[in-house]
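**Student:** Sequence and computational prediction follow.
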Amino acid sequence: MPTPATGDGSTVDVLIRLLDDVPVPSYAHPGDAGADLVTTVDVEIPPQGRVMVPTGVSIALPDGYAAFVHPRSGLAAKHGVTIVNAPGTVDAGYRGEIKVTLLNTDVAEPVKLVRGDRVAQLVIQRVERARFLPAETLPGSSRGDGGFGSSGGFAGR
Ligand SMILES: O=c1ccn([C@H]2C[C@H](O)[C@@H](COP(=O)(O)OP(=O)(O)OP(=O)(O)O)O2)c(=O)[nH]1
Ligand SMILES: [Mg+2]
């Protein structure tokens, strides 16, 4: 068995308020990036409909961090449920309840979720803030202004 490369396994302390009888968000496995968030309400999302659900938590991130509300792949693959604004951005200064705007992409089947279901995962990351420096021209690069499929699309197309 190859030895896994070592990381620093660092963690950051984040103050959390539980606004409802919900578990503290937790990581399902060691090394997971996302801590699961639950809905505090029962909802039925109609086909191609969207519903914003509360999670029962608010947090205070340290300066220089943000939290990102990501979809869960199981809900996406099994039921077609994603998040409209994925990933949602939780700013370090935000003290309100974290909410998730769920979208049912299925064209035929409604999706029923009940209080306590895990609907999203919160990824905490360090973020840089930019000092934007206006410039008349930008330095050249290999990519230049190529984008939007400039490097090729799907096989044969
Ligand atoms: O999925 C999300 C996205 C955002 N938020 C909260 C935290 C975030 O700090 C705040 C504002 O989010 P954002 O900046 O994405 O929304 P906006 O439409 O730009 O609103 P604002 O003018 O309040 O910044 O809403 C959530 O609870 N869930
Ligand atoms: Mg904003």
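**Tutor:** Nice, I can see it. Just so we're clear, the structure is a prediction, and the values are computed from it rather than from any experiment. Numbers count the residues shown, from 1 in each chain. Ligands and ions are numbered 1, 2, ... in the order given.

**Student:** Report pLDDT for the one residue in the chain that gets nearest to ligand 1.
**Tutor:** Nearest residue of the chain to ligand 1 (CB to the nearest ligand atom) works out as Gly88 at 2.0 Å. Yep, even glycine has a C-beta here, placed from its N, CA and C like the rest. On pLDDT, Gly88 comes in at 98.

**Student:** Let me see the contact set for it.
**Tutor:** Phe68, Val69, Val100, Thr101, Ala120 (CB atoms under 8 Å, 6 or more residues apart in numbering).

**Student:** and the first one, what does it touch?
**Tutor:** Right, Phe68. Contacts for Phe68 (CB under 8 Å, 6+ apart) come out as Pro87, Gly88, Thr89, Val90, Leu122, Val123, Ile124, Gln125.

**Student:** Relative to Phe68, how far out is the last one?
**Tutor:** Right, Gln125. Noted for Gln125: a distance of 6 Å to Phe68, by CB to CB, to the nearest Å.

**Student:** With Leu122 instead?
**Tutor:** Separation of Leu122 from Phe68 (CB to CB): 7 Å.

**Student:** so what sits against both of the two?
**Tutor:** The contact sets of Leu122 and Phe68 overlap at Val90 (CB under 8 Å, 6+ apart).

**Student:** Quick one: residues contacting Ala28.
**Tutor:** By CB under 8 Å, 6+ apart, the contact set of Ala28 is Asp36.

**Student:** do that again at 10 Å, thanks
**Tutor:** Contact partners of Ala28, counting by CB atoms under 10 Å, 6 or more residues apart in numbering, are Gly34, Ala35, Asp36, Arg118, Gln121.

**Student:** That one - that's part of a helix, no?
**Tutor:** No - with DSSP: H, G, I helix; E, B strand; the rest coil as the criterion, Ala28 is coil rather than part of a helix.

**Student:** hang on, Leu75 in a helix?
**Tutor:** Yes - looking at Leu75 with three-state DSSP, it is inside a helix.

**Student:** Need the residue closest to the centroid of this structure.
**Tutor:** Centroid-nearest residue in the chain, with CA atoms, centre = their mean: His70, separated by 2.0 Å.

**Student:** Report the beta-bridge partner residues of that residue.
**Tutor:** Under DSSP bridges, the beta-bridge partners of His70 are Gln121.

**Student:** thinking again about what came up before, what do Gln125 and Phe68 both touch?
**Tutor:** Common neighbours of Gln125 and Phe68 (criterion: CB under 10 Å, 6+ apart): Ala33, Pro87.

**Student:** I am finished for the moment; much appreciated.
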